[in-house]
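K.L.:
Mind looking at a prediction? Sequence and model below.
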Amino acid sequence: MPRLSLVVLVGFLCCASPVSATPAGAPVSPATQECLDCHSAVHPGIVADWKNSRHAVVSPHMAMQVQGLGRKLSSKQVPDTLRTTAVGCAECHSLRPEAHADTFEHNGHQIHMVVSPDDCVVCHVAERTEYADNIMSAAHGNLADNALYNELERSILGKSRREGGKIQFDPPDPMTQAESCYYCHGTRLSLAGTEQRDTDMGELEFPIIKGWPNQGVGRINLDGSQGACSSCHTRHHFSIEMARKPHTCKECHAGPDVPAYKVYSASKHGNIFSSKQSQWRFDPVPWTIGRDFSAPTCAACHISLVVDSNGEVISHRSHRMSDRLGMRIFGLVYAHAQPLSPDTTRIRNAAGMPLPTDLDGTPAARFLIDADEIKSRRATMQRTCLACHGTSWTRTHFERLDNTIATTDQQVRTATQLMQRIWQKKWAHGPDRGGSPFDEYIERRWSDAWLLYANNTRFVSAMGGGGDYGVFEDGRYHLSKTIMEMQDWLQMREAR
Amino acid sequence: MPRLSLVVLVGFLCCASPVSATPAGAPVSPATQECLDCHSAVHPGIVADWKNSRHAVVSPHMAMQVQGLGRKLSSKQVPDTLRTTAVGCAECHSLRPEAHADTFEHNGHQIHMVVSPDDCVVCHVAERTEYADNIMSAAHGNLADNALYNELERSILGKSRREGGKIQFDPPDPMTQAESCYYCHGTRLSLAGTEQRDTDMGELEFPIIKGWPNQGVGRINLDGSQGACSSCHTRHHFSIEMARKPHTCKECHAGPDVPAYKVYSASKHGNIFSSKQSQWRFDPVPWTIGRDFSAPTCAACHISLVVDSNGEVISHRSHRMSDRLGMRIFGLVYAHAQPLSPDTTRIRNAAGMPLPTDLDGTPAARFLIDADEIKSRRATMQRTCLACHGTSWTRTHFERLDNTIATTDQQVRTATQLMQRIWQKKWAHGPDRGGSPFDEYIERRWSDAWLLYANNTRFVSAMGGGGDYGVFEDGRYHLSKTIMEMQDWLQMREAR
Amino acid sequence: MPRLSLVVLVGFLCCASPVSATPAGAPVSPATQECLDCHSAVHPGIVADWKNSRHAVVSPHMAMQVQGLGRKLSSKQVPDTLRTTAVGCAECHSLRPEAHADTFEHNGHQIHMVVSPDDCVVCHVAERTEYADNIMSAAHGNLADNALYNELERSILGKSRREGGKIQFDPPDPMTQAESCYYCHGTRLSLAGTEQRDTDMGELEFPIIKGWPNQGVGRINLDGSQGACSSCHTRHHFSIEMARKPHTCKECHAGPDVPAYKVYSASKHGNIFSSKQSQWRFDPVPWTIGRDFSAPTCAACHISLVVDSNGEVISHRSHRMSDRLGMRIFGLVYAHAQPLSPDTTRIRNAAGMPLPTDLDGTPAARFLIDADEIKSRRATMQRTCLACHGTSWTRTHFERLDNTIATTDQQVRTATQLMQRIWQKKWAHGPDRGGSPFDEYIERRWSDAWLLYANNTRFVSAMGGGGDYGVFEDGRYHLSKTIMEMQDWLQMREAR
């Protein structure tokens, strides 16, 4: 039974061995071999990761032989120089040396440390193009170039001092920013010079990069491009398996402002994933519902190419993740339709503020997608739902979400009216008198309402169809309590 | 070596393949085959789930051949029409058509969408009978028919408005209820008419069901029965493995009011589960301690049939989950003995309120089990403990739990006394003057004390024997802080 | 193909079978066999755990044959009486009967219930010696013998009463202590007498041990030793796999005061662990980076013997966990250099308080390690980082951590200045007038700042390099909010 046993052996090795011997695959280029000769000892973890990756065994030429839905390399053409070798150190880190400000001479090679989407585009043109239209690629500027958000950031990250009976917040320093908001949004990288370092291989010169390390989704790279593919396709393993597992998304979608992972893990979908994932397959392309997995992960609903057991496409792959999203349930300060452009710095509400809604909830409609587009994107999303759920189930799920958007927005409206009355009464120094709307206690309670609790409630509705987390874990219980506290605070001062 | 290799292959396929080819099993009935002919394409995920289920390969007749502890089908008789085929679509969804208000004509069959415990009872009579005595089956009415709980619900879920200098909460709307409290407690399903839908298979008519979708444990079904087996035995996979894994329980026992999963995951039991589960077996019946698993999950302590390695029964299976529970550590507002009846709406305390204790903690004893029954249920639970723990370990564990019940109740008493003084002083509009006890800030702080922090502290004691979570994560640190804040709030007003 | 199939079968059994038949290993001693004869029935879970352990199959003699990095038994000599049998019940539970206060006569053997590090030292001398220098071994006394910490403990754990218009907290009772702070810190065990018990084996006498059960890291044992190896090497499985998995650490490093697990699970390292752990190996000694695992767990950075794929040592094993730690980011009330001695009760700040810093943040330097030692310990830690990260990445990571220590300390300083002003103004009864600094609401808010939010922010920086949790999940958002609330509280009273 040679054939059977071989199948078993191969299957077994795939399962059991994290670092199996590299199968006969694409040859390693001489330049990459040179890198490996030193770096295997210097950074064994990086090299091991790469050796376990698909990039180490498949050349672009081999990848281009795959036709149909299974194809992972979306570019039509790959330069001859890169076509026939494995995608190794040199292939990526010495690509387009003139484009990267951090390119440096390293043992006879022109190397750059930070690989960017404009390097990856050589093979993955569709993904890179879609991602450029993804709001995540603009995450750095959308925060850094919005004066109002800067104000919120200062009141959270800035060092405080008590002066003249008041608390003052300094502007945040770059290192705090890099490990707070911009950890996920992405830092702006810039070259700050070079340094000599005494290494195991002798004295060598390296670039000094401000903002590094960072893997944020909207990182401004040293070639001017935006984004970091490594946010989700982690470092040298570039794994589709990891990108499809919800843990990857958790790195940024974790806290009570965007509690996606937490909500998922307590939802029925997440509970099936937790219970059954060891029996699923996370790397087939396309990804077959029912055969490879039996409940969606984040990627299944938002990104992946998903097919049914006949190979019929249920959802097309898209790295422009808003393709399946109608409403933006992350309130600023109210939920709103998805922005038309990934660059949200252009948005102004009726009062001229850089917000997608007025303080009474009226949308800044000309910057947002319209009702037809919402409907069309929802229909795209619902195709995945319908693979496992009936029509009425799916429809009601979204009706409930719309209702939750409306009710949480109403709660935010009540909180905002309380806040406006407090500003008007001069019990807090608000924007009507040139003050920050974010740097006093009662203002922070107001931001709790929309930034934490209303968001959390909507995430629970959208991703879990409801549940305990939408009430007691940063949900409606806390949203209503915040309103009660603001009222209590106001009443205490009105009674004085 | 054909035999050995075959064993390996079968074993390997079981492990590696989520959707292996269906082994030769029970035949599919013609009616079910008709369903599959369309629904394989329409809802591939549902069909794939079912094909991976035990129901797809075992007929009731086959299940009835199993004698002894391994038997899963508890009914003595199964109707001839159902006995010899796999338990497929038609077998469940066309059972007792006259009993289900949502029965509709569908391609020549009388189909109902919502399968209920009174359908499952055909094969699983013991489980269905026990579950009817389980407080979870009464979860809908226990909330919906308690005027005091409704008041709390309104203050959490109701939309708020500021009117006349006060915050008013509207009664909650049904869609918010369905995705909040009743997501877990279960909605009341009712038929609201029918609709025509243009489907891939042409124009078809479907029932419109209010309250759908819902998988809450006390769902009121369209045949009048209470409960949803699918709460834990998820949908078309009906998996015992999933029901035994703690993720399933997490779906409802998640937030700080009932933090069972969170507490478990940080306990020694949970830590062993997380570390070792990949080497355990979750589907054998009976479930052998030491051989199949080495630390309990929720199910092992509360539900499952657990035996030792000699096959001696340690605990009998019970879907009446309070069989092993003496005290109800979920405070209302104090911890109390388990209710005598699953229907808790009959309970009245000395003051006539629908609560199991007075506001000073005195139990409404005639509605609750007595000390002997507590002792007896504890002894049942402790048999599982003793499989891995000595007598003194086990005894002290429960002594500490009793002590924690007493100390957290004392903290709740202090908070309640503060609340009563505040009501008496008219600084909040309390029930003594016809007001809601839940809709003002300081009242919400009072409910934080008993609904979140005292509960959490008791869960940590009961399920983990203590630990960090019982102090700093919604535990004693926060319980004492709440008392301090109530005192501070009161003092501020008294000093005025 | 007999060889191939055998390999497959063995591999498969290792993977699939939690309790495979014990391979031919070390013989069980007659004394242990006597224990097993009864206890297999009495405590099947314990016996099954042990049978699955390495101790059940390897004798000290066999373990001593291993030379080099793979050696697990660090003692040079093991007494003849223990050398050639498996390490069973009798080997540990009847060791040094004269040393253990709980030794009792049990069916002709002198047995003690609580095995201590001074029993384990027989084989594991290096680990036991290192652990004695580990601050964790002193965790009981460091809390119990610090009057200031006792005060904090009382305000958290003590039962409260309202008396004379004030809230009084009783001293905490021992059972509450045992399941709160001392659950992790370790209880003090003491013999409280003996009792007769009617068992399945007839009437037997057992010791009564106060403080039992407990597996805290600084437990004071009945032989006077400190610590419990079973805190991490859980009970009778003694597993290196479990100790290397982060779930074990979670049992104590969980809540917002020391949120190590939570922060790890949302970090890139944790996300790789969650996604890839099923393909890793957790029991090889030494532990090879890249081959056995591709991202660190807690143990990889803090304890384990880690080598590269050439077997070169990256980090030496150490059970003195501060070997790789320069700063103590757990603020008391500020972050500070690691203490010189594991016994921190000797520490006094300039004001004579048992704190490692003054209330303005000045360190009690003569009790803490100096800058050179910090640098040297960091270098040790960084060797692990450098296996996967470049020099500039690693250096900047620690620069950012230092910056975060400075900025969070500044926030704590602002909070402390507010607190001091409040005490000075007599709006809280502080230590300047002989009061507790912890038992009033505004004081608790002050402790929130340093005990929860500053700590959390630093953990996120140290273990994750930043991210959402450092801002919104008990991080900077809440730290700044606490300062705002303290200011608001103060201002309200100043305006009166």
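P.N.:
It's in.
K.L.:
Pull the contacting residues for the residue of the stretch 101-250 of chain A found nearest chain C.
P.N.:
With Cβ to the nearest Cβ, the shortest gap between the stretch 101-250 of chain A and chain C falls at A:E179, namely 2.7 Å. Where you see a C-beta, it was placed from the backbone N, CA and C, and this is true even at glycine. A:E179 is in contact with C:R400, C:T404, C:V460, C:S461, C:G465, C:G466, C:G467, C:G470, counting by Cβ atoms under 8 Å, 6 or more residues apart in numbering or on different chains.
K.L.:
Return the closest of those residues with respect to C:E195.
P.N.:
C:V460 (48.8 Å; Cβ to Cβ).
K.L.:
Now do the same for the closest one: helix, strand or coil?
P.N.:
The three-state assignment at C:V460 reads helix, by DSSP: H, G, I helix; E, B strand; the rest coil.
K.L.:
picking that back up, measure the residue nearest to the residue of the stretch 101-250 of chain A closest to chain C when sequence neighbours are not counted to C:Q487 for me?
P.N.:
In space, and not counting its chain neighbours, A:E179 is closest to C:G466: 2.7 Å by Cβ to Cβ, 6 or more residues apart in numbering or on different chains. Taking Cβ to Cβ, to the nearest Å as the measure, C:G466 falls 27 Å from C:Q487.
K.L.:
Restricted to helices, list the contacts of A:E179.
P.N.:
C:R400, C:T404, C:V460, C:S461 (DSSP state H).
K.L.:
Quickly name whichever of those residues is closest to C:L157.
P.N.:
C:V460 (27.7 Å).
K.L.:
number of nearby residues for the closest residue to A:I135 other than its chain neighbours?
P.N.:
Counting by Cβ to Cβ, 6+ apart, A:P342 is the residue found nearest to A:I135 once chain neighbours are left out, at 4.4 Å. Neighbourhood size, A:P342 [other Cβ atoms under 10 Å in any protein chain shown]: 21.
K.L.:
for A:K72, phi and psi?
P.N.:
Note on A:K72: backbone dihedrals following degrees, to the nearest 10 are phi -100, psi -20.
K.L.:
OK, contacts around it?
P.N.:
Contacts of A:K72 (Cβ under 8 Å, 6+ apart): A:R54, A:A63, A:V66, A:I240, A:V285.
K.L.:
Poorly predicted segments of chain A, please.
P.N.:
A:1-24 (pLDDT under 70).
K.L.:
Is stretch A:356-373 in proximity to chain B?
P.N.:
No: counting by Cβ under 8 Å from any Cβ of the partner chain, chain B has no neighbours in stretch A:356-373; the shortest distance is 13.1 Å.
K.L.:
got a list of contacts for that stretch?
P.N.:
Contacts of stretch A:356-373 (Cβ under 8 Å, 6+ apart): A:326, A:328, A:332-334, A:336-341, A:344, A:346-351, A:355, A:377, A:409, A:412-413, A:416, A:420.
K.L.:
From A:P342, how far out is the closest residue to chain C within the stretch 1-150 of chain A?
P.N.:
Nearest to chain C, among the residues of the stretch 1-150 of chain A, is A:A48, at 2.4 Å (Cβ to the nearest Cβ). Applying Cβ to Cβ, the value for A:A48 to A:P342 is 36 Å.
K.L.:
Over to A:K159?
P.N.:
32 Å.
K.L.:
So for chain A, the centremost residue is which one?
P.N.:
Geometric centre of chain A, nearest residue: A:V217, 5.7 Å, by Cα atoms, centre = their mean.
K.L.:
so what's that one up against?
P.N.:
Counted by Cβ under 8 Å, 6+ apart, A:V217 has contacts A:M136, A:S137, A:A139, A:C184, A:H185, A:G186, A:G227, A:A228, A:S231, A:C252.
K.L.:
Excluding chain neighbours, what is closest to it?
P.N.:
Using Cβ to Cβ, 6+ apart, the nearest residue to A:V217 is A:M136, at 4.1 Å.
K.L.:
ok, how many other residues are close to the nearest residue to A:W280 once chain neighbours are set aside?
P.N.:
Nearest residue to A:W280, sequence neighbours excluded (Cβ to Cβ, 6+ apart): A:F293, at 4.4 Å. By other Cβ under 10 Å, the residues close to A:F293 number 27.
K.L.:
Would you reformat the ones in helices among the contacts of A:E179 as CSV and include neighbour count and distance to chain B?
P.N.:
Below are the ones in helices among the contacts of A:E179 laid out as CSV (neighbours: other Cβ atoms under 10 Å in any protein chain shown; distance: Cβ to the nearest Cβ, whole Å):
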residue, neighbour count, distance to chain B
C:R400, 21, 26
C:T404, 26, 21
C:V460, 31, 16
C:S461, 30, 20
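K.L.:
Looking at those, spot the one nearest B:S265.
P.N.:
C:V460 (19.9 Å).
K.L.:
Check whether that closest one really touches C:V263, as I assumed.
P.N.:
Yes: using Cβ atoms under 8 Å, C:V460 makes contact with C:V263 at a distance of 5.1 Å.
K.L.:
Taking the stretch 301-450 of chain A, what residue is nearest to chain B?
P.N.:
Closest residue of the stretch 301-450 of chain A to chain B, Cβ to the nearest Cβ: A:C388 (3.3 Å).
K.L.:
In contact with that residue, which residues are there?
P.N.:
Counting by Cβ under 8 Å, 6+ apart, A:C388 has contacts A:I289, A:A295, B:H43, B:G45, B:I46, B:D49.
K.L.:
Among those residues, the buried ones, what's the PyMOL command?
P.N.:
Entered in PyMOL, the line below selects the buried ones among these, by 16 or more other Cβ atoms under 10 Å in any protein chain shown:
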select buried, (chain A and resi 289+295) or (chain B and resi 43+45+46+49)
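K.L.:
Number of residues surrounding A:Q279?
P.N.:
Around A:Q279 there are 16 other residues, counting by other Cβ under 10 Å.
K.L.:
What segments of the stretch 1-150 of chain A are strands?
P.N.:
A:104-106, A:109-111 (DSSP state E, counting those that start in this stretch).
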